[in-house]
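Visitor: With the input below, show me the fold.
(one chain, ligands or ions: 1)
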Amino acid sequence: MPCPGVALSENLLSLSRLSHPIGVFDSGLGGLTVLAALRARLPGEDFIYFADTHFLPYGEKPEAFIRARGERIAQALVARGAKAIVVACNTATAVAAEPIRAAVAVPVVALEPAVKPAAALTRSGVIGVLATTRTLESERYRRLVRTHAESVRVVSQPCPGLAEAIETDGPRSARVEALLDAYVQPLAAAGADVVVLGCTHYPWVRAGIAARLPAGVAIVDTGEAVARQVERRLQGESQLGGHGQLQLATSGNPLQVRETVARLWGAPLAVEAWSI
Ligand code: DGL
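Guide: This is a model prediction of the structure:
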């Protein structure tokens, strides 16, 4: 049973550092690609980023598990003062966007693979989508394709192991290279001229993906679109404003996560341990 006094003083401490941050989360550090777009568009905002590293990857886990984690993390971020939540994870959005919205009383912005802009952009009539198994098998993804890409051929390529390999071995590791060989080749062979990065980890390996595709193939992700949507939502509710601060937390080992953040983000940032 949590002690209310302790919870209150923790909250006051967080609030004194970040008055009304935007809470952002992912299964791990893929969502940092979304956070970068958010910070570029909204440099005056405060952010708390939570990496659920202890449970990485989400991509092959049961839907009920991902849903429970999403609800719990969103509630924890709100308890620490978050004025809005960004679900910086396609997999969590695919299976849990609505339950997460229902679990908190602040605006929730979720993201999904950029199938709609890709279908508008293709000239060959073939688009490729790289994402986790859980995302591609979700009803939400099927609906997205039915609604926005009915007139084009969509090659949906699940990428088991890729998000985890990017974090644990690094974006240029031999394991990542081998997985990219296996996952990108079918899209090139099918003649896709637009490739959607349907997992927030994949922008970290954009160069490796581009190198395996013919010149001129467009690669699209959703970071900037999400940042614009967050700006619109908060502007509409007169809630923009902060001090440009950033706080990172994880359910995993904070020292290890700090090292991975330094490698991917290019700067060492402090990482707190949260047991949620
Ligand atoms: N980064 C996540 C996504 O956008 C999930 C990767 C994973 O945990 O499998 O789907």
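Visitor: What score does the nearest residue to Ala163 once chain neighbours are set aside have for pLDDT?
Guide: Using C-beta to C-beta, 6 or more residues apart in numbering and skipping residues adjacent in sequence, the residue nearest Ala163 is His201, 3.9 Å away. Glycine gets a C-beta too; all of them are placed from N, C-alpha and C. His201 carries a pLDDT value of 98.
Visitor: what residues are up against the closest residue to the ligand within the stretch 1-150 of the chain?
Guide: Closest residue of the stretch 1-150 of the chain to the ligand, C-beta to the nearest ligand atom: Gly59 (2.7 Å). By C-beta atoms under 8 Å, 6 or more residues apart in numbering, the contact set of Gly59 is Ser27, Thr91, Thr132, Thr133, Arg134, Thr135, Cys159, Pro160, Ala163, Cys199.
Visitor: My read is that the fourth one contacts Ser156, right?
Guide: No. Taking contact to mean C-beta atoms under 8 Å, the distance of 10.1 Å between Thr133 and Ser156 leaves them out of contact.
Visitor: For Ala163, grab the count of nearby residues.
Guide: 30 (other C-beta atoms under 10 Å).
Visitor: quick one: which helix or strand includes it?
Guide: helix 162-168 (DSSP states H and E).
Visitor: That helix: which residues count as buried?
Guide: Leu162, Ala163, Glu164, Ala165, Ile166, Glu167 (16 or more other C-beta atoms under 10 Å).
Visitor: Can you pull the residues of this structure lying near the ligand?
Guide: 26-28, 30, 56-59, 89-91, 132, 135, 163, 199-201 (C-beta under 6 Å from any ligand atom).
Visitor: Show me what the helix holding Ala163 is packed against.
Guide: Judged by 3 or more C-beta pairs under 8 Å, 6 or more residues apart in numbering; DSSP states H and E, helix 162-168 is in contact with helix 174-190.
Visitor: Give me the pLDDT for Val6.
Guide: 36.
Visitor: typo on my end, Gly241
Guide: 88.
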